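Asks: below is the structure, and that's it, no one-letter string:
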Ligand code: NAD
Ligand code: TYD
């Protein structure tokens, strides 16, 4: 690692917390600054195990706050950014698109401007790593895969805002020689995911005997990747990619929602000592999501070919591990669902 100080935005969120943990532990001589606004999705309890590490710092801030960002760049002499901060939930983007435009588009441009200003044209050994999604490519039919050459065709306010930010990041590369790399990843699952997304929401509902709201017919297809594997892919790309590159990251692991939900129900029946089939009875078909993308599938062969990365575990193993984590961390789940986790920040980090 040739970077002395890395700013990770959105480090208190789901994927960000796994990236922070990996970098703090793997690079003890590099200062890792977690910059996060702590929206409803940001939870510092995700990082209890690393918060006392000598190379970890937390800065509460908004990526739209140019002044605060500039002060943080100056204080830590930041020489690389891994940008994960975003509004990330498709359903929320349908009810509140402007929030996604502000954070995901304007926030990304603001962050790049501050980095560009601070680095002041000297981009040697500097990097801006933009973490994005496969949803920018739109929706597939029965066949085919998203490659890095697939034209962008976003169809939800969330994916349109991420696509815009990707375009801006590439535009800064071409226009200013700004040192960027982008990765577009498929659906992540694992520990610490906010229980609004499919897998943690359904684990929580099964546990509490609540209905499992399946959108439409449940025949939409997603490719699922274990979040720890995503963090590892980010590390590999961060350290080895050429500037200006894009990599797709995926799990080679397509599931229809209904097949995944049934697999999850089966694991939950075993773990909770219920009769096989009990949890499936909670499945309830509800009105479909507006503009619901039919299928996402990633061709991650470029990443395998160039940087020799591939997922480390099979989905069945990752899903069981995930269920075990949520069942073992009942307190985390109940504090997140009740909103109590917000008090942790107040106690631990007084407003600066
Ligand atoms: P998340 O919603 O769990 O976390 C987002 C984090 O960003 C939170 O900690 C939140 O407090 C912070 N944040 C939000 N707005 C902010 C702002 N204005 N300033 C500073 N911090 C702010 O999201 P996630 O699922 O961990 O996703 C992280 C990134 O990865 C996002 O950019 C997302 O688009 C991308 N991504 C997610 C997935 C997935 O399956 N979850 C897949 C591919 C790519
Ligand atoms: P989600 O976890 O929101 O991720 P994304 O929309 O980014 O793929 O949803 C995954 C799939 O599960 C998606 O096809 C929508 C579906 N879904 C449901 O059927 N019910 C739900 O309650 C949720 C949250 C999602």
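Replies: Arrived safely, thanks for sending. Since the model is a prediction, treat every value here as computed from it, not as a measurement. Ligands and ions are numbered 1, 2, ... in the order given.
Asks: over to the residue of the stretch 1-150 of the chain found nearest ligand 1: give its phi and psi.
Replies: Scanning the stretch 1-150 of the chain for proximity to ligand 1 using CB to the nearest ligand atom identifies residue 13 as nearest, at 2.1 Å. Backbone N, C-alpha and C define where each C-beta goes, glycine included. For residue 13, the backbone dihedrals (degrees, to the nearest 10) come out as phi -90, psi -170.
Asks: isn't it right next to residue 85, touching?
Replies: Yes. The criterion here is CB atoms under 8 Å, and residue 13 meets it with residue 85 at 7.5 Å.
Asks: quick check: neighbours shared by the two?
Replies: Common neighbours of residue 13 and residue 85 (criterion: CB atoms under 8 Å, 6 or more residues apart in numbering): residue 36.
Asks: for residue 32, list the residues it contacts.
Replies: 6, 8, 11, 20, 23, 24, 55, 56, 57.
Asks: what about it, helix or strand, and which?
Replies: Under the criterion of DSSP states H and E, residue 32 resides in strand 31-36.
Asks: ok so, going back, which one among the contacts of residue 32 gets closest to residue 73?
Replies: Taking CB to CB as the measure, residue 73 lies nearest residue 6 of the contacts of residue 32, at 11.7 Å.
Asks: now, the most widely separated pair of the contacts of residue 32?
Replies: 11 and 55 (13.2 Å).
Asks: who has more neighbours out of these two?
Replies: residue 11 (31 against 17; other CB atoms under 10 Å).
Asks: for the more buried one, which three-state class applies?
Replies: Here residue 11 is recorded as coil under DSSP: H, G, I helix; E, B strand; the rest coil.
Asks: same deal with residue 305?
Replies: helix.
Asks: relative to ligand 2, how far out is it?
Replies: Going from residue 305 to ligand 2 by CB to the nearest ligand atom, to the nearest Å gives 26 Å.
Asks: and for residue 174?
Replies: For residue 174, the distance to ligand 2 - CB to the nearest ligand atom - is 29 Å.
Asks: let me know the helix or strand that that residue is in.
Replies: Counting by DSSP H and E, residue 174 is part of helix 157-176.
Asks: would you mark the buried spots in that helix?
Replies: By neighbour count with 16 or more other CB atoms under 10 Å, helix 157-176 contains the buried residues 157-166, 168-170, 172-173.
Asks: after it, which helix or strand is next?
Replies: strand 180-185.
Asks: hmm, that next one touching ligand 1?
Replies: Yes. Contact between strand 180-185 and ligand 1, assessed by CB under 6 Å from any ligand atom, occurs at residue 185.
Asks: return the residues in contact with residue 33.
Replies: Counted by CB under 8 Å, 6+ apart, residue 33 has contacts 5, 6, 7, 8, 57, 58, 59, 72, 76, 78.
Asks: which pLDDT does the model give it?
Replies: The model reports residue 33 with a pLDDT of 98.
Asks: with the one 3 residues further on instead?
Replies: In this model, residue 36 is scored at 98, pLDDT.
Asks: tell me what it is bridged to.
Replies: Beta bridges link residue 36 to residue 60 when assigned by DSSP bridges.
Asks: show me what from the chain comes close to ligand 1.
Replies: 9-10, 12-16, 36-39, 41-42, 62-64, 84-88, 103, 107, 131-133, 162, 185, 187-188, 194.
Asks: from residue 303, how far out is the residue of the stretch 1-150 of the chain closest to ligand 1?
Replies: Noted for residue 13: a distance of 23 Å to residue 303, by CB to CB, to the nearest Å.
Asks: of these two, which one has the most company?
Replies: Neighbours per residue (other CB under 10 Å) separate residue 13 from residue 303, with residue 13 holding more: 26 against 22.
Asks: now do the same contact list for the more buried one.
Replies: 36, 41, 42, 43, 46, 84, 85, 88, 194.
Asks: ok so, going back, where helices are concerned, which of the contacts of residue 33 count?
Replies: Taking DSSP state H, the ones among these that sit in helices are 72, 76.
Asks: now the contacts of residue 33 as JSON lines including pLDDT?
Replies: As requested, the contacts of residue 33 are exported to JSON lines (pLDDT from 0 to 100):
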{"residue": "5", "pLDDT": "98"}
{"residue": "6", "pLDDT": "98"}
{"residue": "7", "pLDDT": "98"}
{"residue": "8", "pLDDT": "98"}
{"residue": "57", "pLDDT": "98"}
{"residue": "58", "pLDDT": "98"}
{"residue": "59", "pLDDT": "98"}
{"residue": "72", "pLDDT": "98"}
{"residue": "76", "pLDDT": "98"}
{"residue": "78", "pLDDT": "98"}
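Asks: right, I'll leave it there.
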